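> Generate coordinates for the sequence data below:
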Amino acid sequence: MDYTAAVITVSDKCSTGERVDTSGPAVCDMVKTAGYNVIYTGIVPDEHDLIASELMKCVDEIKADLIITTGGTGFSPRDITPDVTREILDREVPAISQAMLFYSLKITDRAMLSRATAGIRGKSIIINLPGSKKAATENLSAVIGTMEHALQMLAGGGH
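Below is the predicted model:
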């Protein structure tokens with residue numbers, strides 16, 4: 001496997017330095033351990049245009065194969081990451097977020113409060129994860145093993 005990844009933390013407090021980002025680095029470590037080359041990391045506040053711009057840059061300019069966001073998936077009025085992600089996707093892949101939900105529900109009933117989404121834009125897969133380090137790594141562990149096959153199919157490699 002020779003796939004690339006980008007990890008974007010969406011957090012008002014992390015973007016201003018008010019809070020240290022722990023989920024982004026933890027996700028980067030997991031993605032690297034899975035064999036991906038992390039070619040980009042970023043932190044943006046919970047602002048529609050900045051989230052959309054960051055996602056599109058990672059897909060359209062940087063051409064990362066896998067883009068993972070952490071943060072902004074809950075019920076807070078500023079939690080808009082899934083909404084922005086849906087706007088820029090070519091195709092949604094609900095089973096990825098469902099797999100994360102089913103896995104997480106075995107750990108906590110609060111998993112049902114995540115609005116995370118996943119899908120395809122161009123030749124890239126975008127996955128939203130919750131913002132806490134614990135929830136982000138648990139959710140990613142549910143799906144990371146399947147992403148290589150998903151990327152092979154997306155590139156026309158068949159089933």
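> Check which residues of stretch 110-120 are buried.
A111, S114, R115, A116, T117, A118, G119, I120 (16 or more other C-beta atoms under 10 Å). Backbone N, C-alpha and C define where each C-beta goes, glycine included.
> can you pull up the bridge partners for the last one?
Using DSSP bridges, the bridge partners assigned to I120 are R91, I125.
> wouldn't it be in contact with L89 here?
Yes. If you go by C-beta atoms under 8 Å, I120 and L89 touch, sitting 6.5 Å apart.
> Could you pull out the residues contacting both of those two?
Common contacts of I120 and L89, defined by C-beta atoms under 8 Å, 6 or more residues apart in numbering, comprise I126.
> Which members of the buried residues of stretch 110-120 occur in strands, if any?
A118, G119, I120 (DSSP state E).
> nearest to S141, of the residues you listed?
A118 (14.7 Å; C-beta to C-beta).
> wouldn't the closest one be in contact with S97 here?
Yes. In this structure A118 lies within contact range of S97 using C-beta under 8 Å: 5.0 Å.
> any common contacting residues for those two?
Going by C-beta under 8 Å, 6+ apart, residues that sit against A118 and also against S97 are I127, N128.
> just to revisit the earlier point, would you mind giving the buried residues of stretch 110-120 as TSV with pLDDT and distance to F102 added?
Output for these, formatted as TSV (pLDDT from 0 to 100; distance: C-beta to C-beta, whole Å):
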residue	pLDDT	distance to F102
A111	95	9
S114	95	12
R115	97	15
A116	97	12
T117	98	15
A118	98	14
G119	98	18
I120	98	21
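> what's the most distant pair in these?
A111 and I120, at 23.7 Å, using C-beta to C-beta across the buried residues of stretch 110-120.
> tally of neighbours for R19?
12 (other C-beta atoms under 10 Å).
> is it fair to say it lies in a strand?
No. Using DSSP: H, G, I helix; E, B strand; the rest coil, the secondary structure at R19 is coil, not a strand.
> quick one, strands of this protein?
Counting by DSSP E, the strands of the chain are 4-10, 37-44, 66-70, 91-92, 118-121, 124-129.
> In the sheet, which strands lie alongside the second one, parallel or antiparallel?
Here strand 37-44 is paired, per DSSP bridges, with strand 4-10 (parallel).
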